[in-house]
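Visitor: Provided below for reference: sequence and predicted model.
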Amino acid sequence: MKITEVDDYQAMSRAAADLVVERVRSNPQLILGLATGSTPLGLYQHLIDDYNRSGTSYRHVTTFNLDEYVGLSEQDPNSYHYFMNQYLFNHIDIEKTNTYIPKGNAQDLEKECSVFEERLKEHGGVDLQILGIGGNGHIGFNEPGTSFYSRTHLVDLTLSTREANERFFANLNEVPIRAVSMGIETIMESKEILLLISGEKKRDALHQLLHGEIDESFPASILREHPNTTVIFDKAAAGGGK
Ligand code: F6R
């Protein structure tokens, strides 16, 4: 794992955007894995700014998102479909038909998982996967205890994850209890991974990622075995600064 400490959230977002833009420019047909949540918002804003300023094109880029809540339609403002349109896709020249996000309201969710895996395989897998991390070490929605050999699957969200995401909903009862998530083995097959960690709430998670055991009780720990992972974290996550 390549580890980079930067001053703050803005510096993390800038460094991440520089890396993504470089990869898109050197491979205009990049298969880009995307995350939602608060962490990548700054990165996405930098990508939009770069698109407006320098015209980096996403016309031939294909994206695969990590996860989606079960039960929410694509139009639901809390769905990750909506999130991606709002914070990235509507502001760059990507073809929506080249963006894949698991459908949380599919009739047959098991089938949706295998269709998603199939699409990924057809595209030759993810070239660069963006990740955030949960306070409990989850990546995607792979909660502690998830097999390192998991493929895209249906997951029960832990109470701590639902509480962490409650801020986006009216109240805890509104937060879905299940999600579809890329599996850990699926994520590990990405050719390159960029993990972003910011803020003091992620302090313990960062510490455990860097110093803890590689164990299914802390899903992100498996990234230490990935041959091409970069972690960019800020001082607040490292235990100093803001
Ligand atoms: C989101 C995802 C999650 C988040 C994690 C951190 O697609 O897969 O693993 O990356 O929950 O969320 P934030 O960034 O909101 O702290």
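Guide: Received, thanks.
Visitor: Give the next helix or strand downstream of the helix or strand bottoming out on mean pLDDT in the chain.
Guide: Of all the helices and strands that make up the chain, helix 159-165 has the lowest average by mean pLDDT, DSSP states H and E, namely a mean of 94. Sequence-wise, the next helix or strand beyond helix 159-165 is strand 178-181, with elements assigned using DSSP states H and E.
Visitor: Show me what counts as buried in that next one.
Guide: The neighbour-count check on strand 178-181 (16 or more other C-beta atoms under 10 Å) flags A179, V180, S181 as buried. In short, each C-beta sits where N, CA and C put it, glycine included.
Visitor: and the gap between the residue nearest to S79 when sequence neighbours are not counted and G135?
Guide: In space, S79 comes closest to L72 once its chain neighbours are excluded; the distance is 4.0 Å by C-beta to C-beta, 6 or more residues apart in numbering. Counting by C-beta to C-beta, to the nearest Å, the gap between L72 and G135 amounts to 23 Å.
Visitor: In this structure S198 contacts A238, no?
Guide: No. Using C-beta atoms under 8 Å as the test, S198 is too far from A238 to be in contact (10.1 Å).
Visitor: And E5, its phi and psi?
Guide: Dihedral pair for E5: phi -100, psi 130, per degrees, to the nearest 10.
Visitor: correct me, but it touches A238?
Guide: Yes. At 5.7 Å, E5 and A238 qualify as touching, with contact defined as C-beta under 8 Å.
Visitor: List the contacts of S57.
Guide: The neighbourhood of S57, defined by C-beta atoms under 8 Å, 6 or more residues apart in numbering, consists of V24, P28, Y51, D93.
Visitor: Any chance of those in JSON lines with distance to S147, pLDDT and neighbour count as columns?
Guide: As requested, those are arranged in JSON lines below (distance: C-beta to C-beta, whole Å; pLDDT from 0 to 100; neighbours: other C-beta atoms under 10 Å):
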{"residue": "V24", "distance to S147": "32", "pLDDT": "98", "neighbour count": "22"}
{"residue": "P28", "distance to S147": "35", "pLDDT": "98", "neighbour count": "12"}
{"residue": "Y51", "distance to S147": "38", "pLDDT": "98", "neighbour count": "19"}
{"residue": "D93", "distance to S147": "38", "pLDDT": "98", "neighbour count": "13"}
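Visitor: Report pLDDT for the most centrally placed residue in the chain.
Guide: When C-alpha atoms, centre = their mean is applied to the chain, the residue found nearest the centroid is A35 (2.3 Å). The confidence metric pLDDT takes the value 98 at A35.
Visitor: same question, G241
Guide: The predicted local confidence for G241 comes out at a pLDDT of 49.
Visitor: and what of N171?
Guide: At N171, the model reports a pLDDT of 95.
Visitor: can you check G145 too?
Guide: Listed pLDDT for G145 reads 97.
Visitor: Quick check: closest non-adjacent residue to it.
Guide: For G145, ignoring the flanking residues on the chain, the nearest one in space by C-beta to C-beta, 6+ apart is E216 at 5.9 Å.
Visitor: which residues touch that neighbour?
Guide: Listed by C-beta under 8 Å, 6+ apart, the contact set of E216 reads P144, G145, T146, S147, F148.
Visitor: what packs against the longest helix anywhere in the chain?
Guide: Longest among the helix segments of the chain by residue count, using DSSP state H, is helix 9-26. For helix 9-26, the packing partners by 3 or more C-beta pairs under 8 Å, 6 or more residues apart in numbering; DSSP states H and E come out as strand 2-6, strand 31-34, helix 41-54, strand 128-131, strand 192-197, strand 229-234.
Visitor: For the following helix or strand past the third one, what does the pLDDT average out to?
Guide: Read in the C-terminal direction, the helix or strand following helix 41-54 is strand 62-65, with elements assigned using DSSP H and E. Averaged across strand 62-65, the pLDDT comes to 98.
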